[in-house]
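A.B. asks: one predicted model, sequence on top.
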Amino acid sequence: YDDRDGVIWMDGEFVDWREAKVHVLSHALHYASSVFEGERAYNGKIFKSREHNERLFKSAEALDMPMPITLDELEAAKQETLKKSGLQDAYVRVVVWRGSGEDMGVASAANPVRVAIAVWEWGAYYGDAKMQGAKLDIAEWKRPSPETIPVHAKAAGLYMICTISKHKAEAKGCSDALFMDYRGYVAEATGANIFFVKDGEVHTPLPDSFLNGITRQTVIGMLKDRGITVYERHIMPEEMTEFEQCWLTGTAAEVTPVGQIGDYTFEVGDITREIAEAYEELVRA
Ligand code: PMP
């Protein structure tokens, strides 16, 4: 991704894409002092931009990183970066991290907090699996307890087990991995939330140990608007035997049907199709 044309917004100015570099002694690289957002623009407009900005600020606060710009400055910088990309449909990545500076130890209050924004084209997150039903592996790692790490921050450190679990899943021919949480309840995929359908009703894990995704919240609203009952609750993995449909939600994943999780199988059914199509319409409305 580093060798391409374009510009990246870094700490208040645009730099050439190939020159958007950081020092190897950046605090973030050593100690995961980094938070980020993944957003999508449709027809030139960033979907749920304000919600993403607010989550970013909360994530930075959770990691004790004072934001060097205001919410309004962030919004303006994102809009300008999107405009300069020339793209209408695009992925927007905002990253905030502790840079290099006075400290090389764990404590780093003197090191500057830095911000960058990059925009690029990103098609269907699960590629061909998108409407046929993705195949998921069950991850060996568990989502950690909220007492061990700030689980609601979109923080780089929380993605370590995502990367290793997704590598393992892909090596088995799966599109992604599904995590259980520290208690054994169904949690989320490596970059998306999960929903199930049984007897015309929807069940989705309670986000008490993982990200309450912006897409997740949007989709719950869409289901309720349609009069479909949604249960947000703790779900045991064995319950997957009885669930008929399943899908993932996320900014990158959008609404992606799931056909298989380990030995459990699901159909790409009516509610899944309706919600996937309605989401596509909503983001462009
Ligand atoms: N869980 C994880 C771990 C994620 O990375 C994402 C993507 N940000 C989500 C859930 C879905 O969140 P959102 O709908 O806000 O993109």
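C.D. replies: Happy to help now that I have it.

A.B. asks: excluding covalently adjacent residues, which one is nearest to the residue in the chain that the ligand sits nearest to?
C.D. replies: Nearest to the ligand in the chain, going by C-beta to the nearest ligand atom, is residue 213, at a distance of 2.7 Å. Using the backbone N, CA and C atoms, a C-beta is placed for each residue, glycine as well. Nearest-residue entry for residue 213: residue 193, 4.5 Å, with adjacent residues in sequence omitted and distances by C-beta to C-beta, 6 or more residues apart in numbering.

A.B. asks: what pairs with that neighbour across the strands?
C.D. replies: Residue 193 forms beta bridges with residue 249, as assigned by DSSP bridges.

A.B. asks: burial count for residue 226?
C.D. replies: Residue 226: 11 surrounding residues under other C-beta atoms under 10 Å.

A.B. asks: look up how far residue 197 lies from it.
C.D. replies: Remark: distance between residue 226 and residue 197 (C-beta to C-beta, to the nearest Å) = 13 Å.

A.B. asks: and the residue positioned nearest the centre of the chain, helix, strand or coil?
C.D. replies: In the chain, the residue lying closest to the centroid (C-alpha atoms, centre = their mean) is residue 191, at 4.6 Å. Under DSSP: H, G, I helix; E, B strand; the rest coil, the three-state class of residue 191 is coil.

A.B. asks: so residue 234 touches residue 180, yeah?
C.D. replies: No. Counting by C-beta atoms under 8 Å, residue 234 stays clear of residue 180, with 10.9 Å between them.

A.B. asks: more neighbours, these two?
C.D. replies: Higher neighbour count among residue 234 and residue 180: residue 180, with 21 against 13, using other C-beta under 10 Å.

A.B. asks: how about low-confidence regions in the stretch 51-200 of the chain?
C.D. replies: Low-confidence segments of the stretch 51-200 of the chain (pLDDT under 70): 128-129.

A.B. asks: strands along that one, start to end?
C.D. replies: Secondary structure of the stretch 51-200 of the chain (DSSP state E, counting those that start in this stretch): strands located at 90-98, 113-120, 134-143, 176-181, 186-189, 193-198.

A.B. asks: of the ones you listed, which approaches residue 80 most closely?
C.D. replies: Between residue 80 and these, the tightest spacing by C-beta to C-beta is seen for strand 113-120, at 8.7 Å.

A.B. asks: buried stuff in that closest one?
C.D. replies: Going by neighbour count (16 or more other C-beta atoms under 10 Å), the buried part of strand 113-120 is 113-119.

A.B. asks: hmm, back to that, need the contact list for the residue nearest to the centre of the chain.
C.D. replies: Remark: with contacts taken as C-beta atoms under 8 Å, 6 or more residues apart in numbering, residue 191 is in contact with 38, 125, 162, 176, 250, 252-253.

A.B. asks: which among those are in contact with the ligand?
C.D. replies: Among those, the ones lying near the ligand by C-beta under 6 Å from any ligand atom are 38, 250.

A.B. asks: and the residue lying closest to residue 190 once chain neighbours are set aside, how many neighbours?
C.D. replies: Spatial nearest neighbour of residue 190, excluding adjacent residues (C-beta to C-beta, 6+ apart): residue 162 at 3.7 Å. Look at residue 162: counted by other C-beta under 10 Å, it has 19 neighbours.

A.B. asks: do the same with residue 274
C.D. replies: 15.

A.B. asks: go on, residue 231?
C.D. replies: Residue 231 - counted by other C-beta under 10 Å - has 13 other residues nearby.

A.B. asks: that one sits in which helix or strand?
C.D. replies: Element membership for residue 231, per DSSP states H and E: strand 230-233.
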